[in-house]
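Peer 1: Predicted structure and sequence below. I'll ask about it afterward.
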Amino acid sequence: MNRYATSNELKTDIGYRRRATVILSAPIVDSNDTYIHVTSPELLTRLANNFYNDVSSWWIIAAANGLGKGTLIVPADTILRIPSNATIESVINEINRIR
């Protein structure tokens, strides 16, 4: 589930390389999505590891819930939607198709 698989590589004037920014809309709500109530502060990376077995997939949960702007910490008393694997694959396939 690499969101950068088809991203353009950019090079700065001094030779640094980076990937172009990928802006994602929230994945469409699916009946197979999971909802959880976070009762104490939690890391998006830990949640991604628990649900997707991949810490680098934290951005999926962040995009679905409007989180991750400057921090990977989910505040206590937050209801989170965890998109299903089928939903994630369709979002990534759509992104790759557009490029």
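Peer 2: Cool, got the structure. The model shown is predicted, which means the values in this text are computed figures rather than measured ones.
Peer 1: what's the burial count for the closest residue to residue 56 other than its chain neighbours?
Peer 2: Using Cβ to Cβ, 6 or more residues apart in numbering and skipping residues adjacent in sequence, the residue nearest residue 56 is residue 48, 7.3 Å away. C-beta coordinates here come from the backbone N, C-alpha and C atoms, glycine included. The local packing of residue 48 (other Cβ atoms under 10 Å) involves 21 other residues.
Peer 1: Tell me which helix or strand residue 48 sits in.
Peer 2: Using DSSP states H and E, residue 48 sits within helix 44-52.
Peer 1: Report the angle between the next helix or strand after that helix and helix 44-52.
Peer 2: Beyond helix 44-52 on the C-terminal side, the first helix or strand identified by DSSP H and E is helix 58-65. Angle, helix 58-65 to helix 44-52, by axes from the mean of the first three to the mean of the last three Cα atoms, to 10 degrees: 90 degrees.
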